[in-house]
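[1] fold the following and give me the result.
(chains A, B and C, ligands or ions: 2)
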Amino acid sequence: MVAIIRARGDRSIRDYIDPERGTVSRELYVNPDIFEQEMEQIFQRCWLFLGHESQIPNPGDFIISRMGTEEVIVVRDRKDNQIRAFLNSCRHRGMKVVRYDQGNALIFTCPFHAWTYDTTGRLVGAGFQHSPEAYCGTLPKEQWGLAEVAQFKNFYGSLWATWDPKAPSFEEYLGPFTESLRHCLQASDGTDAGLDMFTPFQRHRLPTNWKVPGFTSVTDLTHTAMTHRSAAAARLHQDRGSKGGRDRARQATPFPMSKYAIGDHNLGHGGMCTLYHQNGVPEYEEEWYEAGVDDYFREATARKAELLADKIMAPHGWGGGHFAIFPSVMVDSWRLRWWQPHSVGVVERWTLSGVDKTAPKHVRDAVRHYSERFNGPVGFFESDDMENWNYVFPASQGARARKLDYYFANGKGLGKYNDRLPGVVFNGSYTEEAQRARFSRWLAFMEAASWDDLYPVNKAADHRIW
Amino acid sequence: MVETQNALEMVVLRHEVEQYLFKEARLLDERRLEEWLDLLAEDLHYWMPMRRNVKFGDWDLEFTSMDEEINWFDEGKDILAGRIRQLNTGVHWPEEPVSRFEHIISNVELVSVEGDEIRVNSKFFCYQNRLQDEVNQFVGRREDLLRRDPDTGFKLVFRKLILAQNVMLPKVLNTFL
Amino acid sequence: MTEPKKYVLSGPHGALTFMSLPEGTKITTIYGGAGEITANPGDGAYVLVRFTEHQDPAVVGTEEFVFFNEVREATE
Ligand code: FES
Ligand SMILES: [Fe+2]
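    Numbering: from 1, shown residues only, chains lettered A, B, ... in the order given. Ligands and ions are numbered 1, 2, ... in the order given. A predicted model of the protein is given here:
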């Protein structure tokens, strides 16, 4: 165990969390040194979400994405059609090579001294490379390609990468959540990799620490009643699920399932979870405001029910519930939302919403419109969240405020392991189990010298602190 | 340029249109949101695309497509009415306590007149000040289609909002532009 | 027979002209190379050229990205 941070009173980093009381020091959210350490120890090591293959369907197509505070170019190669990701920083003197949000490229040319890279990241030219008054043809181009991610994974259409060659495979990193993520990337009829994502990324800034929303949202049912009271009070009939409640009540024999808050303390993933106790899928519940859309999803659900006739559906978030992949990706069955840290007090929220690849236009439109009106800075729901997540930061940052702790003990000690998802702690759906799991994993990363100390590369590691 | 009308009629029309646009802005600033809603046609289409950084000349890629892509707003009066119901609950936290908004409308330019329908361009500068020191600014252009209306003078039928932002820098956009 | 068209690559429209040089355009370089454009990335900086003559004989018959200020002439 390596204690890295020596800040304010020389407490080692473990001292910032009190598992007995169930508290976390606010210092962890407001201290710029901690932030720098997180970028090094967490965002350089973890598998991070980059985007979706449907955003770059053609050879040469690229998008700019981010990994933590840094931009990456995600590009589909012209020759082998493979998708790769590179740091968006010129190897010559570090200029941002690509300044377009998306496009189709043969090469990426730096606007500074014209070093240029092909879609496999190779340096294939430089201004004056042949000039007898400059490089004289001596530039070792093969050594100066763009910095490529250490590992890349296309997981059922979703694109992930890590900078760390020692990181475990993506599936090992997901652990028991592998099937859940796969499920969420299926079309509503159960077809694998069944989603098209609407372009572009929806992106907006929020002045707060990335962990405020990143570790709290999707695993925080106790916030809903108060934070989102206005959405409920306004009876936004455009909300999905507002019809569903009535439908559910009419169901003669409700589908047997149980809902929990879950957290994997070794892996850090967790959130809301529904365990299904019977083969097949629950009866479709009407939930769409736009005409004809329920008909489409009812039929798709029927096809999915056939597909899963002899199978229990993978556990996943339900309705308004979601789960998160460490460090900061929130997953629903039609949408990925994630938090990109910028600095200790600024985070950027990115969203990608998907729809069945084969959905007809009226369904595509309904899903898109729903996503537009519910997500992000103009979203009915998320605008409420933004206010709370924002003002946590200034109100926690002061010399007095930062000496206090946050309370994370809701449901502490009441969780139980469950064979359905080995290693995962199941707790009441309104508990903070998933948030505690995130901090168990956070501490492990912050203390680890390398992936050798971390589960699952180190199979014996037990990161659970509470 | 509008050539079908004589010059005096155009000055009068321009004045009427300006009065409508200025009233709209004032109702928003005075938090008379339901009265603002009354200025909108039942078949309104309210659209604010996102804007990409694109290569010189690829201007058709700059705005997100109304039909296929994610926009900031792409909705009708029914959804706007829902937003206003939410703003008027008293518990919509990003507007509780309410902001001080000032909408400034300028560069009003008549584009065309066809029967009852008038195309008009304008610019907006919306200053938001809330709590002690939170400031957000929304600046951009609009391309509107207005329809003559016996009660309100005009009704807004279509509005394209061209916001000068790529990543949305304010955390919330909780007014109308 | 009319003279083949020579592209004007300097002046205010030079970069835009260079960006849109079509495949098949004949290129000579300031180093004495010659060849034909096989692809134009449209970045205003480079064109991909298949060389028939080159200061480095190994490059003849292969493609290389040529920087705009190494182009002596571009002709139709
Ligand atoms: S920094 Fe990119 S070419 Fe010099
Ligand atoms: Fe929320």
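[2] so, low pLDDT: which residues of chain C?
    Along chain C, segments meeting pLDDT under 70 span C:1.
[3] how about the residue of it found nearest ligand 1: what's its closest non-neighbour residue?
    Across chain C, no residue is closer to ligand 1 than C:Ala45, which sits at 10.3 Å (CB to the nearest ligand atom). (Each C-beta comes from the backbone N, C-alpha and C, glycine too.) Using CB to CB, 6 or more residues apart in numbering or on different chains and skipping residues adjacent in sequence, the residue nearest C:Ala45 is A:Thr109, 4.5 Å away.
[4] any idea how far chain B is from that neighbour?
    Look at A:Thr109 and chain B: by CB to the nearest CB, to the nearest Å, they are 11 Å apart.
[5] ok, now which ones touch that residue?
    Taking CB atoms under 8 Å, 6 or more residues apart in numbering or on different chains, we find A:Thr109 in contact with A:Val97, A:Trp115, A:Thr116, A:Tyr117, A:Gly125, C:Pro41, C:Asp43, C:Ala45, C:Tyr46.
[6] pLDDT score assigned to it?
    Per-residue pLDDT puts A:Thr109 at 98.
[7] who's it bridged to?
    A:Thr116 (DSSP bridges).
[8] pipe the contacts of A:Thr109 into JSON lines and attach neighbour count per row.
    Below are the contacts of A:Thr109 laid out as JSON lines (neighbours: other CB atoms under 10 Å in any protein chain shown):
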{"residue": "A:Val97", "neighbour count": "24"}
{"residue": "A:Trp115", "neighbour count": "25"}
{"residue": "A:Thr116", "neighbour count": "24"}
{"residue": "A:Tyr117", "neighbour count": "26"}
{"residue": "A:Gly125", "neighbour count": "24"}
{"residue": "C:Pro41", "neighbour count": "20"}
{"residue": "C:Asp43", "neighbour count": "22"}
{"residue": "C:Ala45", "neighbour count": "23"}
{"residue": "C:Tyr46", "neighbour count": "26"}
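[9] kindly indicate which of the residues you listed lies nearest chain B.
    Using CB to the nearest CB, C:Asp43 comes nearest to chain B of these, at 8.4 Å.
[10] ok, that closest one touching A:Pro111?
    No. Contact criterion CB atoms under 8 Å: C:Asp43 and A:Pro111 do not qualify, at 9.0 Å.
[11] in the chain, where is pLDDT below threshold?
    If you meant another chain, say so; for now it's chain A. Judged against pLDDT under 70, the low-scoring parts of chain A cover residues A:1-11, A:237-252, A:318-321.
[12] oops, chain B please
    The model of chain B has pLDDT under 70 over residues B:1-5.
[13] residues touching A:Thr116, list them.
    By CB under 8 Å, 6+ apart, the contact set of A:Thr116 is A:Ile107, A:Phe108, A:Thr109, A:Cys110, A:Leu123, A:Val124, A:Gly125, A:Ala126, C:Asp43, C:Ala45, C:Tyr46, C:Phe65.
[14] for the second one, what are its contacts?
    Neighbour list for A:Phe108: A:Phe62, A:Ile73, A:Val75, A:Val97, A:Val98, A:Thr116, A:Tyr117, A:Asp118, A:Thr119, A:Leu146 [criterion: CB under 8 Å, 6+ apart].
[15] hmm, try it at 7 Å
    Residues near A:Phe108 by CB atoms under 7 Å, 6 or more residues apart in numbering or on different chains: A:Ile73, A:Val97, A:Val98, A:Thr116, A:Tyr117.
[16] surely the second one meets A:His113?
    No. With contact defined as CB atoms under 7 Å, A:Val97 and A:His113 do not form a contacting pair (11.4 Å).
[17] against B:Arg119, how distant is B:Ser147?
    Check again: residue B:147 is Arg, not Ser. Here B:Arg147 is placed at a distance of 11 Å from B:Arg119 (CB to CB, to the nearest Å).
[18] go on, A:Ser158?
    Going from A:Ser158 to B:Arg119 by CB to CB gives 43 Å.
[19] quick one, which of those two is more surrounded?
    Per other CB atoms under 10 Å in any protein chain shown, whichever of A:Ser158 and B:Arg119 has more neighbours is A:Ser158, with 26 against 16.
[20] what backbone torsions are found at C:Ala58?
    When read as degrees, to the nearest 10, the backbone of C:Ala58 gives phi -60, psi -20.
[21] quick one: the strands in chain C, in order.
    C:26-29, C:34-39, C:46-53, C:63-67, C:71-75 (DSSP state E).
[22] same check on chain B?
    Applying DSSP E to chain B gives strands spanning B:40-48, B:73-75, B:100-114, B:117-130, B:134-149, B:153-163.
[23] can you say which of the ones you listed is packed in most?
    strand B:73-75 (a mean of 22; mean count of other CB atoms under 10 Å in any protein chain shown).
[24] remind me what that strand packs against, helices and strands.
    Other elements packing on strand B:73-75 under the criterion 3 or more CB pairs under 7 Å, 6 or more residues apart in numbering or on different chains; DSSP states H and E are helix A:361-374, strand B:40-48.
[25] quick one: strands adjacent to the shortest one?
    Sheet partners assigned to strand B:40-48 using DSSP bridges are listed as strand B:73-75 (antiparallel), strand B:153-163 (parallel).
[26] the inter-axis angle of the last one versus strand B:134-149?
    Put simply, strand B:153-163 runs at 140 degrees to strand B:134-149, going by axes from the mean of the first three to the mean of the last three CA atoms, to 10 degrees.
[27] tell me how many other residues crowd the residue nearest to A:Leu307 when sequence neighbours are not counted.
    Leaving aside its sequence neighbours, A:Leu307 sits nearest to A:Gly190 (CB to CB, 6+ apart; 4.3 Å). Using other CB under 10 Å, A:Gly190 has 19 neighbouring residues.
[28] in the stretch 351-466 of chain A, which residue sits nearest ligand 1?
    Counting by CB to the nearest ligand atom, the stretch 351-466 of chain A gets nearest ligand 1 through A:Leu352, at 29.9 Å.
[29] that residue and A:Asp332 touch, don't they?
    No. Using CB under 7 Å, A:Leu352 is not in contact with A:Asp332, being 10.8 Å away.
[30] so for these two, which residue has more residues nearby?
    A side-by-side neighbour count of A:Leu352 and A:Asp332, using other CB under 10 Å, places A:Leu352 first with 24 against 21.
[31] thank you, goodbye.
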